[in-house]
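**Q** sequence unknown, structure follows:
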């Protein structure tokens with residue numbers, strides 16, 4: 001949490017520098033890296049120095065994988081960018097780097113909507129996070145108390161930003177994540193008994209309904225929390241011809 005706070009503080013400091021104010025150019029991660037490496041003066045034996053070293057190491061890891069793809073100085077039209085569909089694969093990237101990059105992207109999307117006061121009662125932007133158990137863990141919430149990504153999820157609905165989060169292990173997810181999730185779907189045959197208990201607790205069903213849920217959700221079937229709950233349906237996988 002302290003390292004991420006230093007990142008945000010550094011971005012704000014850089015954005016107020018003379019070379020950025022006239023051009024209205026937003027600092028890139030390369031600007032942050034250069035500032036941390038050469039311009040931020042802190043005692044070598046201090047907590048800030050340790051957090052600075054953590055940020056430098058993570059940024060160097062991102063640069064090694066993505067090169068200049070995330071450091072373009074071109075003026076980006078975020079409104080146009082957010083209205084397009086795009087996918088980002090983070091295969092092979094260490095978990096810490098994945099989490100940092102995802103946090104930055106979600107922060108930029110949400111901050112753009114907040115700064116421009118783009119409140120909406122309907123879904124304007126959908127962010128899909130697959131294998132999200134690496135990003136949201138119980139110990140994140142317990143250790144840090146107020147996890148940054150969970151804060152974004154709590155604010156996103158007001159500004160028309162929705163999340164579709166999938167994971168194979170419900171038992172590892174923070175409780176506040178389940179509390180902020182509107183629609184919950186569990187797929188039968190893939191979860192453990194504890195996953196059913198957590199799903200039942202998060203949706204407020206009775207013990208009888210939970211037993212009904214365990215008996216009917218075989219592999220290929222799922223249960224969704226909706227007005228007909230518990231409503232079991234069959235997942236149809238389309239047949240693809242090569």
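**A** Everything's here; your move. All of these numbers come straight from a predicted model, not from anything done at the bench.
**Q** can you give me the helices in the protein?
**A** 2-15, 29-34, 47-66, 78-82, 95-115, 138-144, 148-156, 175-179, 193-203, 207-216 (DSSP state H).
**Q** and the longest strand anywhere in the chain with helix 148-156, angle?
**A** Longest strand in the chain, counting residues (DSSP state E): strand 120-129. For strand 120-129 against helix 148-156, the angle by axes from the mean of the first three to the mean of the last three CA atoms, to 10 degrees is 150 degrees.
**Q** strand 120-129 - contacts with which helices or strands?
**A** Secondary-structure packing of strand 120-129 (3 or more CB pairs under 8 Å, 6 or more residues apart in numbering; DSSP states H and E): helix 95-115, strand 159-165. Every residue, glycine included, has its C-beta placed from N, CA and C.
**Q** what residues of the last one count as buried?
**A** By neighbour count with 16 or more other CB atoms under 10 Å, strand 159-165 contains the buried residues 159-163, 165.
**Q** need those residues in CSV with pLDDT and distance to residue 199, can you?
**A** Formatted as CSV, those follow (pLDDT from 0 to 100; distance: CB to CB, whole Å):
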residue, pLDDT, distance to residue 199
159, 92, 28
160, 92, 27
161, 92, 24
162, 92, 20
163, 92, 18
165, 90, 14
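**Q** and the pLDDT for the residue in the chain sticking out farthest from the centre?
**A** Distance from the centre of the chain peaks at residue 208, with 34.5 Å (CA atoms, centre = their mean). Looking at residue 208, its pLDDT reads 77.
**Q** ok, residue 150 next?
**A** At residue 150, pLDDT is 83.
**Q** what's the local residue count around the closest residue to it other than its chain neighbours?
**A** Leaving aside its chain neighbours, residue 150 sits nearest to residue 176 (5.4 Å; criterion: CB to CB, 6 or more residues apart in numbering). As a burial measure, residue 176 scores 17 neighbours (other CB atoms under 10 Å).
**Q** what of the one 10 residues further on?
**A** Look at residue 186: counted by other CB under 10 Å, it has 22 neighbours.
**Q** hang on, isn't it packed against residue 214?
**A** No. Look at residue 186 against residue 214 with CB atoms under 8 Å: they stay out of range, at 10.1 Å.
**Q** name the residues contacting each of the two.
**A** Residues touching both residue 186 and residue 214 (CB atoms under 8 Å, 6 or more residues apart in numbering): residue 196.
**Q** pretty sure residue 99 contacts residue 135?
**A** Yes. Residue 99 is in contact with residue 135 according to CB under 8 Å; the separation is 5.5 Å.
**Q** identify the contacts common to those two.
**A** residue 149.
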